[in-house]
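A.B. asks: Quick one: sequence and predicted model below, then my questions.
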Amino acid sequence: MSELLKRTAVLRREIDAHLRSLGRRGRPVTGCCLARPACCPGYWAEVVVRSPDAHAEWYVDGTWSATPDEALAWLPHRAERLASVLEAVPAAHRPDTGPAEPASPVAAVLRDWAADAAFRRVQRDALAAGAPVSANAIGPDRFHGGASVEVLYSLSARPVPLRSRAQAPPAVPAPRGG
């Protein structure tokens with residue numbers, strides 16, 4: 001088990017270094033990182049990268065939107081940006097021998113989704129009706145020439161409704177002293 005923990009720590013360091021080399025400062029997703037006041041309902045859209053092999057998750061970008069249209073207009077731009085980064089394979093990340101690695105299949109999935117306006121209209125309608133929506137792609141990635149790991153790229157949007165005091169869960173009574 002100790003070897004697995006060491007390997008996980010190495011993968012996390014390599015992924016963090018990889019994100020920094022691409023101009024990203026990956027931040028682990030931990031709890032609520034939302035900056036919008038609680039009194040304002042809206043839609044939260046985000047880009048998250050997960051690696052089951054590395055037991056890690058990184059929050060890449062996110063934004064608040066007032067409408068489903070705004071949330072879904074923001075996501076295709078992020079999909080294109082992420083696809084561009086994935087296709088730009090720096091020389092330091094290519095194997096020392098053989099031809100350059102082919103363009104990322106994940107980038108193709110993200111670009112296809114970004115170009116599909118009809119499907120995004122379906123997603124917008126679902127988001128407006130209160131359902132979360134997402135575009136996901138999974139594929140291998142290599143961090144600083146290390147072993148290839150499976151990485152999931154997720155672009156999502158979800159409604160964040162305003163809860164009234166009447167809808168708030170009941171307060172838990174304080175424990176009685178004995």
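C.D. replies: Perfect, I can see it now.
A.B. asks: Tell me the helix or strand right after the least confident helix or strand in the chain by mean pLDDT.
C.D. replies: Counting by mean pLDDT, DSSP states H and E, the chain has its least confident helix or strand at strand 27-28, which shows a mean of 43. Sequence order places strand 42-51 as the next helix or strand after strand 27-28, per DSSP states H and E.
A.B. asks: so what does that next one touch, helix or strand wise?
C.D. replies: If contacts are counted by 3 or more C-beta pairs under 8 Å, 6 or more residues apart in numbering; DSSP states H and E, strand 42-51 sits against strand 56-65, helix 68-87, strand 148-160. For glycine as for every other residue, the C-beta is placed from the backbone atoms N, C-alpha and C.
A.B. asks: make it 10 Å
C.D. replies: Judged by 3 or more C-beta pairs under 10 Å, 6 or more residues apart in numbering; DSSP states H and E, strand 42-51 is in contact with helix 2-21, strand 56-65, helix 68-87, helix 117-128, strand 133-142, strand 148-160.
A.B. asks: Quickly run through the sheet partners of it, with directions.
C.D. replies: Strand pairing for strand 42-51, using DSSP bridges, gives strand 56-65 (antiparallel), strand 148-160 (antiparallel).
A.B. asks: where in the protein is pLDDT low?
C.D. replies: Residue ranges of the chain with pLDDT under 70: 1-40, 89-103, 142-146, 162-178.
A.B. asks: thinking again about what came up before, out of the helices and strands packed on strand 42-51, which comes closest to L110?
C.D. replies: For the helices and strands packed on strand 42-51, the distance to L110 is smallest for helix 68-87, at 4.3 Å, taking C-beta to C-beta.
A.B. asks: Tell me which residues of the closest one come out buried.
C.D. replies: Of all the residues in helix 68-87, those buried under the rule 16 or more other C-beta atoms under 10 Å are P68, A71, L72, W74, L75, P76, R78, A79, L82, A83, V85, L86.
A.B. asks: swap in stretch 105-121?
C.D. replies: Within stretch 105-121, judged by 16+ other C-beta under 10 Å, the buried ones are V106, A107, V109, L110, R111, W113, A114, R120.
A.B. asks: Next step: these restricted to helices.
C.D. replies: Among the buried residues of stretch 105-121, the members falling in helices are V106, A107, V109, L110, R111, W113, A114, R120 (criterion: DSSP state H).
A.B. asks: Just list the residues touching the third one, thanks.
C.D. replies: For V109, the set of contacting residues under the criterion of C-beta atoms under 10 Å, 6 or more residues apart in numbering consists of A79, A83, A135, N136, A137, I138, G139, Y153.
A.B. asks: Check the first one too.
C.D. replies: Residues in contact with V106 (C-beta under 10 Å, 6+ apart) are 82-83, 86-87, 136-141, 151-153.
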